[in-house]
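Student: Predicted coordinates and the sequence they were generated for:
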Amino acid sequence: MLYSFPYIDLRSDTVTHPTPEMRKAMAEAEVGDDVYREDPTVNCLEELAAEKMGKEAGLFVASGTMGNLIAVLAQSSRGDEAIMGDLGHTFLFEGGGISAFGGVFAHIIPNQPDGTLDICDLETAIRPIDIHCPISRLIILENTHNHCGGVPISAAYTKQVGDLAHTRGLRLHLDGARIFNAAVALNTSAKELAAPADTVLFCLSKGLCAPVGSVICGSRALISKMRRIRKQLGGGMRQAGILAAAGIIALEKMVERLAEDHYHAKLLADGLAQINGLELYKGMPQTNMVFISMKEKDKQAVGEVKEKLKSKKILVGIVDRRHFRLVTHYWIDRKDINAVITAFSEVI
Ligand code: TLP
């Protein structure tokens, strides 16, 4: 019963349930009060995460949104600005939290189709020291870049941005919610991709299947500042070892297999691209997200298609008037991929 799914759910990899091994580890986890730093399982997860990211320390937080918020709050003050892409998750989907809770201004510049920010745009965006201007404190990159199609961002590019930020006295925060997908796609390590960043956030509860949680990593000094901010936000979670136990399995057992999700995304995209009325961007997908659009001349609304698919027990995401987002994950197998291609061909 635990593992029967009524729908083929491709709306996101956030929908993944914990694996049987995770559930067992959660049931047996050794716990303590994490606010007193006495939860051995949380401590173990934070150390492991820091090691994987090549940083001094880590902090377990409730969600990716909370992690990004804490990272921004710890590295800027009211009236400061954070420079980020106009398609970035922090700008689009985090409820304006950085301005609501930190008074931090989002200075947006265009995301390029490959998820990067143009270096010239970044150079121009960083404000001069002038009392008329807000203080530019932080640059935020996202890897993989969700809204640009789940594209991975290279370590070389991230280093270029890190160098620019540090030369101009700013810090670099990396929203690496899916950094392990990027590492697998680029055949490198998360540590390499995160090296230029002062702080990096990654999610345990997406493709890695843990039920809850993300980790922020950075220097020991920054993490202790962030621990205080987490408490201020009400994010001190007490016997959170129950959750961290699943996170440890996510890090130790679930990373390599992400290649399978990428392979399934490719199969799905190839199949859908054959359907008249659907259009796929060249060179996509690169990780576990398939962004596919209805051809302009096709008048059927994406919402209508989504409903018809739902009646066939398939859930997909809608990005805008023309685009669907389909995200592959642990609980999607080859049979599901074939069923989704068939269903689309019947519906479109
Ligand atoms: N992304 C979700 C939705 O919010 C759009 C999804 O389904 O993809 N950074 C990135 C790059 C993300 O994609 C997300 C979640 C987050 C941060 C926030 O993580 P959570 O959902 O744990 O707050």
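Tutor: Thanks, I have it.
Student: Distance-wise, check the spatially closest residue to Gly218 that is not a sequence neighbour relative to Asp13.
Tutor: Among residues not flanking Gly218 along the chain, Thr199 sits closest, at 4.0 Å (C-beta to C-beta, 6 or more residues apart in numbering). In this view, the C-beta of every residue, glycine as well, is placed from N, C-alpha and C. When C-beta to C-beta, to the nearest Å is the yardstick, Thr199 and Asp13 sit 23 Å from each other.
Student: Kindly report the same for Thr90.
Tutor: Thr90 sits 19 Å away from Asp13, going by C-beta to C-beta.
Student: So which of those two has more stuff around it?
Tutor: In this comparison of Thr90 against Asp13, neighbours counted by other C-beta atoms under 10 Å, the higher total goes to Asp13 at 28 against 25.
Student: Can I take it that Glu30 is in a helix?
Tutor: No. Inclusion of Glu30 in a helix is not indicated when DSSP: H, G, I helix; E, B strand; the rest coil is applied; the result is coil.
Student: The stretch 201-348 of the chain against the ligand: which residues are in contact?
Tutor: When proximity is defined as C-beta under 6 Å from any ligand atom, the stretch 201-348 of the chain approaches the ligand at 203, 205, 214.
Student: Would you format the residues you listed as a markdown table with neighbour count and pLDDT included?
Tutor: Compiled in a markdown table, these are given as follows (neighbours: other C-beta atoms under 10 Å; pLDDT from 0 to 100):
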| residue | neighbour count | pLDDT |
| --- | --- | --- |
| Cys203 | 27 | 98 |
| Ser205 | 24 | 98 |
| Ser214 | 27 | 98 |
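Student: quick one: which of those is nearest to Glu81?
Tutor: When these are ranked by distance to Glu81 (C-beta to C-beta), Ser214 comes first, at 23.8 Å.
Student: Might you report the residue contacts of that closest one?
Tutor: Neighbour list for Ser214: 60-64, 66-67, 177, 201-205 [criterion: C-beta atoms under 8 Å, 6 or more residues apart in numbering].
Student: at 10 Å what do you get?
Tutor: Contact criterion C-beta atoms under 10 Å, 6 or more residues apart in numbering gives 49, 59-68, 70, 175-177, 201-206, 247 as the residues in contact with Ser214.
Student: got it, and Leu258?
Tutor: For Leu258, the residues meeting the contact criterion (C-beta under 10 Å, 6+ apart) are 13, 178, 180-185, 206-208, 287-288, 328-330.
Student: and if you look at Thr328?
Tutor: Applying C-beta under 10 Å, 6+ apart, one finds that Thr328 lies in contact with 10, 13, 150, 207, 258, 260-269, 285, 287-290, 336-337, 340.
Student: mind redoing it with 7 Å?
Tutor: 10, 261, 264-265, 268, 288 (C-beta atoms under 7 Å, 6 or more residues apart in numbering).
Student: what about stretch 59-75, near the ligand?
Tutor: Yes. Part of stretch 59-75 sits close enough to the ligand to count as contact by C-beta under 6 Å from any ligand atom, namely 63-65, 68.
Student: Adding secondary structure, write those out as CSV.
Tutor: What follows is those, written out as CSV (three-state DSSP):
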residue, secondary structure
Ser63, coil
Gly64, helix
Thr65, helix
Asn68, helix
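Student: Save these as CSV, and put in pLDDT too.
Tutor: Formatted as CSV, the entries for these read as follows, by pLDDT from 0 to 100:
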residue, pLDDT
Ser63, 98
Gly64, 98
Thr65, 98
Asn68, 98
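Student: Which member of these is positioned nearest the ligand?
Tutor: Using C-beta to the nearest ligand atom, the shortest approach to the ligand within those belongs to Gly64, at 2.4 Å.
Student: Look at the closest one and say how many residues are nearby.
Tutor: Using other C-beta under 10 Å, Gly64 has 27 neighbouring residues.
Student: among the residues of stretch 59-75 next to the ligand, who's most crowded?
Tutor: For the residues of stretch 59-75 next to the ligand, neighbours were counted by other C-beta under 10 Å; the highest total belongs to Asn68, with 30 neighbours.
Student: Identify the residues contacting it.
Tutor: Applying C-beta under 7 Å, 6+ apart, the residues near Asn68 are 90, 94, 175, 201.
Student: all strands of the stretch 1-150 of the chain, in order?
Tutor: Here the stretch 1-150 of the chain has its strands, by DSSP state E, counting those that start in this stretch, at 8-9, 57-61, 81-85, 105-109, 136-142.
Student: In this structure Gly277 contacts Met294, no?
Tutor: Yes. Taking C-beta atoms under 7 Å as the definition, Gly277 is a contact partner of Met294 at 6.3 Å.
Student: Who has more neighbours out of those two?
Tutor: Counted by other C-beta under 10 Å, Gly277 and Met294 do not tie: Met294 has more neighbours, with 19 against 15.
Student: Having no further points to raise, I will conclude here.
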